[in-house]
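Participant: Provide a 3D model corresponding to the input given below.
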Amino acid sequence: MNVWRVLQLADSAFPTGGFAHSAGLEAAVQLGEVADPAALRRFVAEALWQAGYGGIPLVRAAHEDPRRLAALDKLCDAFLTSFVANRASRTQGAAFVATCARVFEGALAEMHAQVRGKTLRAHYAPLFGAAFRALDVPLADAQRLFLHLALRGVTSAAVRLGALGPHEAQRLQSDSAAQLDRVLGECAMLDLDALAQPAPILEIVGAQHDRLYSRLFQS
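Facilitator: Model (predicted):
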């Protein structure tokens, strides 16, 4: 495995568009669901379970058999019933593949062509798994990075929303290591029948994002 490649993909400077999204945190803050640091920690924990059950099985399936990408993409499209979450997944997926195709020339050319030709809806989780397979990154590392990016996205959004400071955000990420291990341990081997949205409040408040009077994020 090319460890340097994994570190590059994990770097916040790698432009995949993830920082345009708050995973529903912006709506949760404005709607009063996240009013203090304790509530923010609960939100982060629930967001990780959401990523685990709602994303990791798709990452795994696409990584293990990239030939099923089109079917997995359609499954993800049907699974994400919230328009906001569905749109965010497609936006992130397209941005992720476009960046990887430009940076790692040749490895994802066919996938990028499918996204550009709109033969794929371009959902993030299945494209993430298939892309990491094409980049010769093992499944375990792809799953870890998927969860890490989910955590980093929420904590970064919290900083920009003024819910906590940069150092507090890094402390929260450090404190979430055990939570990441729990989510990964429970979700890493799940198959597609286990796909779920285990945090209904997050799903509900996230779906209200487009109704907010003012917004910093796309979701």
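
Participant: C-alpha from now on. contacts and neighbour counts both.
Facilitator: Fine.

Participant: which strand or helix spans the residue nearest the centre of the chain?
Facilitator: With distances taken as CA atoms, centre = their mean, residue 150 lies nearest the centre of the chain, 4.8 Å away. Using DSSP states H and E, residue 150 sits in helix 139-160.

Participant: residues in contact with that helix?
Facilitator: Identification of contacts with helix 139-160 by CA atoms under 8 Å, 6 or more residues apart in numbering yields 6, 10, 18-19, 21-23, 25-26, 44, 47-48, 51-52, 56, 59-60, 63-64, 128-129, 132-133, 164-166, 169-170, 172-173, 180, 184, 188.

Participant: what's the answer for stretch 107-121, then?
Facilitator: 70, 73-74, 77, 90, 94, 97-98, 100-101, 122, 131, 134-135.

Participant: ok, which pair from these is furthest apart?
Facilitator: Maximum pairwise distance in the contacts of stretch 107-121, criterion CA to CA, is 24.2 Å, between 77 and 135.

Participant: what packs against the longest helix along the chain?
Facilitator: In the chain, assigned by DSSP state H, the helix with the most residues is helix 37-64. The helices and strands touching helix 37-64, judged by 3 or more CA pairs under 8 Å, 6 or more residues apart in numbering; DSSP states H and E, are helix 69-79, helix 124-134, helix 139-160, helix 177-187, helix 200-207.

Participant: using JSON lines, lay out the contacts of stretch 107-121 together with distance to residue 213, neighbour count and pLDDT.
Facilitator: Listed next are the contacts of stretch 107-121 as JSON lines, based on distance: CA to CA, whole Å; neighbours: other CA atoms under 10 Å; pLDDT from 0 to 100:
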{"residue": "70", "distance to residue 213": "36", "neighbour count": "19", "pLDDT": "97"}
{"residue": "73", "distance to residue 213": "32", "neighbour count": "22", "pLDDT": "98"}
{"residue": "74", "distance to residue 213": "32", "neighbour count": "15", "pLDDT": "98"}
{"residue": "77", "distance to residue 213": "27", "neighbour count": "20", "pLDDT": "97"}
{"residue": "90", "distance to residue 213": "24", "neighbour count": "22", "pLDDT": "96"}
{"residue": "94", "distance to residue 213": "27", "neighbour count": "23", "pLDDT": "95"}
{"residue": "97", "distance to residue 213": "31", "neighbour count": "25", "pLDDT": "95"}
{"residue": "98", "distance to residue 213": "31", "neighbour count": "20", "pLDDT": "94"}
{"residue": "100", "distance to residue 213": "34", "neighbour count": "22", "pLDDT": "94"}
{"residue": "101", "distance to residue 213": "36", "neighbour count": "19", "pLDDT": "93"}
{"residue": "122", "distance to residue 213": "29", "neighbour count": "31", "pLDDT": "96"}
{"residue": "131", "distance to residue 213": "36", "neighbour count": "25", "pLDDT": "96"}
{"residue": "134", "distance to residue 213": "41", "neighbour count": "16", "pLDDT": "94"}
{"residue": "135", "distance to residue 213": "41", "neighbour count": "17", "pLDDT": "93"}
